[in-house]
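**Student:** got a structure for you, letters missing:
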C-alpha cells in the first residue's frame, strides 16, 4: 500500500465517498491540461510564432507535421508503460515535460538566433528544425500521453456506470477545449505569445504535483471495486466468464479495431486541419479572426449535447451505431468545407464538426474497454492514439498545400469524402468482439 501511495498525502481508503469520483474530476482536469499540446492549443500561436521565427505557413505546418509524426512512434510505447506503471507516474512525467517544452517554445526565437550565430548559418532551416523538435515533445506529452493516461484512468475506475461518468467528463472537456482558443487568444493579446506559453508552463508544473497527490491507477490497488460497489459473487463469476481481456495483437485481428480506430483518426485529421488553419480558412471567405474563432462556440454546444446523450446511452446501445453516425457527420463536415462560400456550408460544417467531436469523446473513451477489456487498455489505446497522432500530423500540411497550391481549402473535402466511403464499406460487418 505504501509503495502504491508513495509521495502522496491522500489515501483513497480513507475517503468518505468512492474515490473514483475524485479520479473523475482530476482525470478530466488532466485531459484539459493537455490543451497546450493539442492542435486547439497550438493553432492560436501559429501566426505570431511563424512570423517571429521567419517561417512561411507551409514551413510551419511541415514542422508541426514532422514533429507530430515522430511523436506517433513513441505513443504506442507509452501505452505499454501505462499498463506496466499506471496512470500516476506516466501522467506526472507527461505533464512535467510538457511544461518544460512550452518554456523552450517561449524562447524559441532566442534559441534560433543563438544557433544561427554559433554555426554562422542564416537560414529558415534552423527555426524549422527547432520547431520540429519542440512539436515532437509537446505533441507526444500533450496530445499523446497525458490525454491517454488521464482518460484511461477514469475508465478503469468505472465499469457499469462508465458511460454516465464519461458524460460528465466529456462535458467538462468539451467546454474547456471549445473555449480554450478564445481564452488563449486573449492571453496572447494581453501578454504576448512568449509570456502566454510561460504562464501555461507554470500551470502544468503545478498540476504535475496534483497528479502525484490525486491520480491513482486502479481501484483494486486499494481493495476497492469499479463503480464503488462490491458485486455479488454470482455476478462476479458471470462477468469473468463473459468478459475477455484482449491483448493488442488479438485486438488488431478484429475488424472493429481498425474501422473504429480509422474513423477516430479521420475525426482527428479533419478537426486538426480545420482548427490549425481556422483563421485562414474563414479569412479566405472574408471573415475576421474573431468571427473565425467564435465558430467554436456553436460547435461546442452541439458537441456537448451529443456527447452527453451518447455517453448516457452508451451503456445500453450497440456502439457501432455511433460509428455510423460519426461517418455521416464526417460527410456533413466535408460538404460544409466544400461549400463554405455559401451560408449553408457554414451550418453543415458546424453541425458535422459538433457531432464528430461529441461522439469522438464517447467512442474513444468508452468503446475500447467495452470491446476489449481493461487489462491491456494502455497498449490498445496507445496504438489507437498513434493513429490519431499521425492523422493530426499530416492534416495541417495537406490543408496548407490545398490552399497555397490549389488556391482553396475546399479540395480537402474530396479526400475526406473518398476516405469516408472506404470506411463506410468496411464498417458494415463491425461487431463487438466480446
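**Tutor:** Happy to help now that I have it. Computed from a prediction, not measured in an experiment: that's the story for all the values here. Numbering: from 1, shown residues only.

**Student:** State the distance from the residue nearest the centre of the chain to residue 389.
**Tutor:** Centroid-nearest residue in the chain: residue 143, 5.0 Å away (criterion: C-alpha atoms, centre = their mean). Look at residue 143 and residue 389: by C-beta to C-beta, to the nearest Å, they are 6 Å apart. Backbone N, C-alpha and C define where each C-beta goes, glycine included.

**Student:** Would you mark the buried spots in the helix or strand residue 261 falls within?
**Tutor:** Using DSSP states H and E, residue 261 sits within helix 255-276. Applying a neighbour-count criterion of 16 or more other C-beta atoms under 10 Å, one finds 256-276 buried in helix 255-276.

**Student:** quick one on the thing from earlier: thought the residue nearest to the centre of the chain was touching residue 390?
**Tutor:** No - the criterion here is C-beta atoms under 8 Å, and residue 143 misses it with residue 390 at 11.3 Å.

**Student:** Residues that sit against both of those two, list them.
**Tutor:** Counting by C-beta atoms under 8 Å, 6 or more residues apart in numbering, the residues touching both residue 143 and residue 390 are residue 68.

**Student:** Give the rounded mean pLDDT of the helix holding residue 261.
**Tutor:** Summarised as a single mean, pLDDT over helix 255-276 is 91.

**Student:** And stretch 150-162, by the same measure?
**Tutor:** pLDDT averaged over stretch 150-162 gives 89.

**Student:** and what of stretch 68-86?
**Tutor:** pLDDT averaged over stretch 68-86 gives 86.

**Student:** Find the residues that touch each one of residue 143 and residue 389.
**Tutor:** Counting by C-beta under 8 Å, 6+ apart, the common neighbours of residue 143 and residue 389 are 68, 71.

**Student:** Show me where the stretch 201-350 of the chain has its helices.
**Tutor:** Assigned by DSSP state H, counting those that start in this stretch, the stretch 201-350 of the chain shows helices spanning 233-242, 248-252, 255-276, 278-283, 289-294, 296-313, 320-338, 343-362.

**Student:** which one of these lies closest to residue 374?
**Tutor:** Set against residue 374 and scored by C-beta to C-beta, the helices of the stretch 201-350 of the chain come closest in helix 233-242, at 11.5 Å.

**Student:** one step back: for the residue nearest to the centre of the chain, which residues are in contact?
**Tutor:** Applying C-beta under 8 Å, 6+ apart, the residues near residue 143 are 34, 37, 38, 39, 68, 71, 388, 389, 392.

**Student:** same question, residue 219
**Tutor:** The contact partners of residue 219, by C-beta under 8 Å, 6+ apart, come to 12, 19, 20, 156, 157, 225, 226, 228.

**Student:** and if we set it to 7 Å?
**Tutor:** Going by C-beta atoms under 7 Å, 6 or more residues apart in numbering, residue 219 touches 20, 157, 225, 226.

**Student:** now swap in residue 281 and tell me
**Tutor:** So residue 281 contacts 274, 409 (C-beta under 7 Å, 6+ apart).

**Student:** rerun at 6 Å
**Tutor:** Neighbour list for residue 281: residue 409 [criterion: C-beta atoms under 6 Å, 6 or more residues apart in numbering].

**Student:** pLDDT score assigned to it?
**Tutor:** Looking at residue 281, its pLDDT reads 89.

**Student:** could you check the distance from it over to residue 156?
**Tutor:** Relative to residue 156, residue 281 is positioned 38 Å away (criterion: C-beta to C-beta).

**Student:** repeat for residue 164
**Tutor:** Residue 164 is 16 Å from residue 156, by C-beta to C-beta.

**Student:** Out of the two, name the residue with the larger neighbour count.
**Tutor:** For residue 164 versus residue 156, neighbours defined as other C-beta atoms under 10 Å are more numerous around residue 156 (26 against 16).

**Student:** Can you tell me how far that one is from residue 145?
**Tutor:** Per C-beta to C-beta, residue 156 is found 16 Å from residue 145.

**Student:** got it, and residue 101?
**Tutor:** Residue 101 is 12 Å from residue 145, by C-beta to C-beta.

**Student:** Please identify which of these two sits among more neighbours.
**Tutor:** residue 145 (30 against 25).
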